[in-house]
Structure formats: C-alpha cells, structure tokens
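# sequence-free structure coming up:
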Ligand SMILES: C[S@@+](CC[C@H](N)C(=O)[O-])C[C@H]1O[C@@H](n2cnc3c(N)ncnc32)[C@H](O)[C@@H]1O
Ligand SMILES: Nc1nc2[nH]cc(C(=O)O)c2c(=O)[nH]1
Ligand code: SF4
Ligand SMILES: [Mg+2]
C-alpha cells in the first residue's frame, strides 16, 4: 500500500512507478541500433492482447521512485534516454523530462498516444492502438508512426493512422512478435508496393538483449 502523500507526489509526476531501467540498444524504429538508457514506467490500461510487457500494466506492483533518482541513474549511463512502459503518458511527464533535459539528455518516448501528451521530447514514437486511439494533438508532433501488424486488418488501420500524422512523420510497420513468421512476408510485400512505409523489426529480440 502506498501512502496518500506518495500518491500526491505520483499524481504530480515528482515520483513515478518505476518497473525497470536498463542500458541497451534501441531495437525498433528510426533509432534502431543506437545505444540508449531505457526507463520503463509501470501502469497501462490500454490492454493490447499481444502486449509483450503485460507485467507493466499494474502500476501498484512498481515502486514509486523519485524522479531525481531515476535521472541520476540515467545520466550516468547515456545521453540518450528512452521513456517507455507501460504507457508513460498515464503520468505527468513534465518533471521527469525537464530534469533530464537540464542534464543535456536527448529524450525519446515510446507511446500509444492514448493520453494527454505531457513533457518535452526530442523524439516521439507513436504506436497507435485501435482499442484506445491516440489524442488528436499527438499526430501533429509524432516523429515516427509505428503500427504493429498482427493481422491483415492492421494494414487498413495503418493507412488510416498515416492519414492523420504530420507530413514529416516517418512510417513504420512492425510485425507482432508471435505472428512474425506469417506477417513478415505480408509486410515485405506491402512495403514494396507502398514505399512510403518502412519495415521495423524488434531487433533486440534477435540480438538477445533487453
Ligand atoms: C510495450 S510498448 C510500451 C509503450 C507504449 N505503451 C506503446 O504501446 O507504445 C513499446 C512498443 O512495443 C510495441 N509492442 C508491444 N508488444 C509487441 C509485440 N508483441 N510485438 C511487436 N511490438 C510490440 C508497442 O506497440 C510499442 O511500440
Ligand atoms: N532494446 C529494446 N528496444 C526497444 N524499443 C522499444 C522498446 C519498448 O519496450 O518500448 C524496447 C525494448 O524493450 N528494448
Ligand atoms: S499500450 Fe503499450 S504497454 Fe499498453 S498494452 Fe499496449 S503495447 Fe502494452
Ligand atoms: Mg519492448
């Protein structure tokens, strides 16, 4: 049980439920191959049935941690930090990102965009979900759109989402991991026919790194 005082600090984004943090190689999307420190914040109620970190969903399982401590760890490892989750926009990201920025970090986010966009970001990866659509505001500022392809209908959803993003946003199709053997040939064929899209793979899973 967390105290009422702690809850107030979490609501303000002064503390956040920290699931894990690790220095690794960004496996996905535009920055694939780049070393970065990952901060995984607990809490998500979007509920993707194929989510590969379901352990993150219940925020109460992850200890409320002072943002100052999170930042201190991060900057000792890397000047590129990826905030992920869970769904990081469940929480107010203002203080975390401003504190990282003050330390000279490049700050990236992995988000479904389902909640209000808070924080200052150098790179926004928007991975929209049909079951809880992104807020209107995030389409304007997303740097990459990364649609997960589980079945053929996801290609139609991908086109609908691509019609909503800004003109500079880079478009990725990423196979859902458990379906990769059947979905990869479909994505390859689709991208060759529709070259505005690029392929994104979860390369960290092939590299056997976090
Ligand atoms: C675990 S989510 C956390 C961030 C945020 N909740 C989101 O969905 O963008 C990180 C990234 O992994 C993707 N992802 C999650 N499960 C996946 C799976 N089984 N196969 C492929 N990508 C997956 C998400 O779409 C997202 O781009
Ligand atoms: N290496 C690595 N790259 C990633 N890119 C996005 C990830 C995520 O879970 O948000 C992720 C992850 O979990 N590991
Ligand atoms: S939005 Fe992200 S963390 Fe939440 S269930 Fe979907 S993939 Fe998992
Ligand atoms: Mg992951």
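Done, it's in. What you see is a predicted model; the values in this text were computed from it and never measured. Ligands and ions are numbered 1, 2, ... in the order given.
# scan the protein for its longest helix.
helix 180-193 (DSSP state H).
# same question for the lengthiest strand in the chain, mean pLDDT?
Counting by DSSP state E, the longest strand found in the chain is strand 15-25. If you average the pLDDT over strand 15-25, you get 98.
# is any residue of it near ligand 1?
No. On the criterion CB under 6 Å from any ligand atom, strand 15-25 is out of touch with ligand 1, staying 10.4 Å away. Heads up, the C-betas are built off the backbone N, CA and C, glycines and all.
# sheet-wise, list the partners of the helix or strand just after the longest helix of the chain with their directions.
Downstream of helix 180-193, the next assigned helix or strand under DSSP states H and E is strand 197-199. When pairs are called by DSSP bridges, strand 197-199 turns out to pair with strand 170-175 (parallel).
# residue 161 belongs to a helix, doesn't it?
Yes. Using DSSP: H, G, I helix; E, B strand; the rest coil, the assignment for residue 161 is a helix.
# number of nearby residues for the residue nearest to it when sequence neighbours are not counted?
Residue nearest to residue 161 in three dimensions, not counting chain neighbours: residue 128, with 5.0 Å by CB to CB, 6 or more residues apart in numbering. Using other CB atoms under 10 Å, residue 128 has 24 neighbouring residues.
# which residues does residue 128 contact?
112-113, 134, 145, 147, 157, 161 (CB atoms under 8 Å, 6 or more residues apart in numbering).
# looking at those residues, spot the one nearest residue 167.
residue 145 (11.8 Å; CB to CB).
# pretty sure that closest one contacts residue 124?
No. Judged on CB atoms under 8 Å, residue 145 makes no contact with residue 124 at a distance of 9.7 Å.
# from the contact counts, what lies against the longest strand of the chain?
Contacts defined by 3 or more CB pairs under 8 Å, 6 or more residues apart in numbering; DSSP states H and E place strand 15-25 against helix 4-11, strand 35-41, strand 64-66, helix 67-75, helix 203-207.
# so for the shortest one, mean pLDDT?
The predicted model assigns strand 64-66 a mean pLDDT of 98.
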